[in-house]
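Novice: A structural model of the following input is requested.
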Amino acid sequence: MSSLEENRQAAADFFEQIWNQKDESAIDRFIALDAAGNDPKFGVGRESFREQWKKWHAAFPDLHFDVREIIAEGDRVVTRWHLTGTHTGAEYLGKAASGAKIAVDGVSIDTIKDGVVLDGFDAWDSLGFREQLGIIKPLS
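Specialist: Here you go, the predicted model:
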């Protein structure tokens, strides 16, 4: 398997194992100890990611990432995904569980080396997410 294929597979496994299978131990396998991203809420490092991961799963027990496309070039991997879930668990962003269904699209651009995410950049429909949760009113 080429390194491009290995990186594509690592990205697919990252979403499947960490998010869809809820395998907390996969965080240790796929995320560098000092991994950084562009979302300040996720902070810097594996343990900060783990805390946010726990909050997401507590709030959205049925959280699911449907990976739609993966493009790799060198150590950079772009993953286009569709996120769904139902807010039936814990409070999230100050909003009590409402049963609201969420469905948003996003893209993750990660640096992956030897199967480990070193850093990442996520762009996703956070406005639509907040609208669907009822945190903000939809823009008409």
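Novice: for the longest helix seen in the chain, which positions count as buried?
Specialist: Secondary structure assigned by DSSP state H gives helix 46-59 as the longest helix of the chain. Going by neighbour count (16 or more other C-beta atoms under 10 Å), the buried part of helix 46-59 is 46, 48-50, 53, 55-57, 59. Where C-beta positions appear, they are placed from N, C-alpha and C, glycine not excepted.
Novice: and the contacts of that helix?
Specialist: Defining contact as C-beta atoms under 8 Å, 6 or more residues apart in numbering, one finds that helix 46-59 is touched by 18-19, 22, 24, 27-28, 31-35, 37, 41-43, 63, 87, 89-92, 97.
Novice: what packs against the helix or strand bottoming out on mean pLDDT in the chain?
Specialist: Across the helices and strands of the chain, the lowest-confidence element by mean pLDDT, DSSP states H and E is strand 31-37, at a mean of 93. With contacts defined as 3 or more C-beta pairs under 8 Å, 6 or more residues apart in numbering; DSSP states H and E, strand 31-37 has these neighbours: helix 46-59, strand 116-124.
Novice: at 10 Å instead, please
Specialist: helix 46-59, strand 101-113, strand 116-124 (3 or more C-beta pairs under 10 Å, 6 or more residues apart in numbering; DSSP states H and E).
Novice: returning to what we had before: among the contacts of helix 46-59, which are in helices?
Specialist: Judged by DSSP H, the subset of the contacts of helix 46-59 located in helices is 24, 27-28.
Novice: out of those, the closest to Ile109 would be?
Specialist: Ile27 (19.1 Å; C-beta to C-beta).
Novice: run a quick neighbour tally on that closest one.
Specialist: Neighbour count for Ile27, taken as other C-beta atoms under 10 Å: 19.
Novice: tell me how far the residue nearest to Val44 when sequence neighbours are not counted lies from Asp122.
Specialist: Setting aside the residues directly before and after it, Val44 is nearest to Ala36 in space (C-beta to C-beta, 6 or more residues apart in numbering), at 4.8 Å. Distance of Ala36 to Asp122, given as C-beta to C-beta, to the nearest Å: 12 Å.
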